[in-house]
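Q: Turn this into a structure:
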Amino acid sequence: MINTLSLNHFSIRSLEIEQTTAFFSQILGLTAGPRPQFPFPGVWLYNGPHDEWSNAVVHLIAIDKNDPEGLKQYLGDRDPSSLKGSGAVDHIAFFATGLEEKLKHLKALNIPFHERTVPVIKLHQIFLEDPNGIVIELNYPAHEKAALDAKTI
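A: This next block holds a predicted model:
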């Protein structure tokens, strides 16, 4: 039996919903779109048209401090101090293209990052953190980094 598996979405429960929305919008180009009526606030961020639920790749879960019961009943209670960093999840990775433009964009926004190339898998990686301390990895074809390095020689 052959199974196919792909990432549908990941969710972040955030105390910093506005900053987190801005981060994923500015850094990854995701756009806020439709979201079902859940008993708690949140934002769904899309990669592509908003008419396809499968394009909602990041689900942000906000905490209504005045009425947290809807979230508690729907997804369970979490200690707010546990919402920093990624806990057992080390990082979230995306394949991407447009390395040169992304590097310029990150520098213009003064977003700290570090990068490395993994030649054996032909990837150039950028690592940065979202406002919740979750590590985001962007994987670019290594040939984009080589072309960029050739331009600066």
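Q: gap between L28 and L75?
A: 24 Å (CB to CB, to the nearest Å). Bear in mind the C-beta positions are built from the backbone N, C-alpha and C, glycine included.
Q: Now do the contacts for P112.
A: Residues near P112 by CB atoms under 8 Å, 6 or more residues apart in numbering: 128-129.
Q: per-residue confidence for it?
A: As predicted, P112 sits at a pLDDT of 96.
Q: From G70, how far off is it?
A: Taking CB to CB, one finds P112 at 35 Å from G70.
Q: Repeat that for N132.
A: Taken as CB to CB, the span from N132 to G70 is 21 Å.
Q: State the next helix or strand along the chain beyond the helix or strand of the chain with the lowest mean pLDDT.
A: Least confident helix or strand of the chain, by mean pLDDT, DSSP states H and E, is helix 69-75 with a mean of 84. Where DSSP states H and E defines the elements, the next helix or strand beyond helix 69-75 is strand 92-95.
Q: That next one pairs with which strands?
A: Paired strands of strand 92-95, with direction, are strand 135-141 (parallel) (DSSP bridges).
Q: mind checking how far the partner strand is from the chain centre?
A: Remark: strand 135-141 is offset 10 Å from the chain centroid, using CA atoms, centre = their mean, to the nearest Å.
Q: And that strand, what's buried?
A: Across strand 135-141, burial judged by 16 or more other CB atoms under 10 Å covers 136-140.
Q: what does stretch 45-54 give?
A: Quick answer for stretch 45-54 (16+ other CB under 10 Å): 45-47.
Q: repeat for stretch 99-108
A: 99, 102-103, 106.
Q: ok, then the element right after the helix ranked longest in the chain?
A: With secondary structure taken from DSSP state H, the chain has its longest helix at helix 17-28. Counting by DSSP H and E, the next helix or strand C-terminal to helix 17-28 is strand 31-33.
Q: Need the buried residues of stretch 99-108 in a markdown table (columns: pLDDT and secondary structure).
A: Shown next, in a markdown table, are these (pLDDT from 0 to 100; DSSP: H, G, I helix; E, B strand; the rest coil):
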| residue | pLDDT | secondary structure |
| --- | --- | --- |
| L99 | 95 | helix |
| K102 | 94 | helix |
| L103 | 96 | helix |
| L106 | 96 | helix |
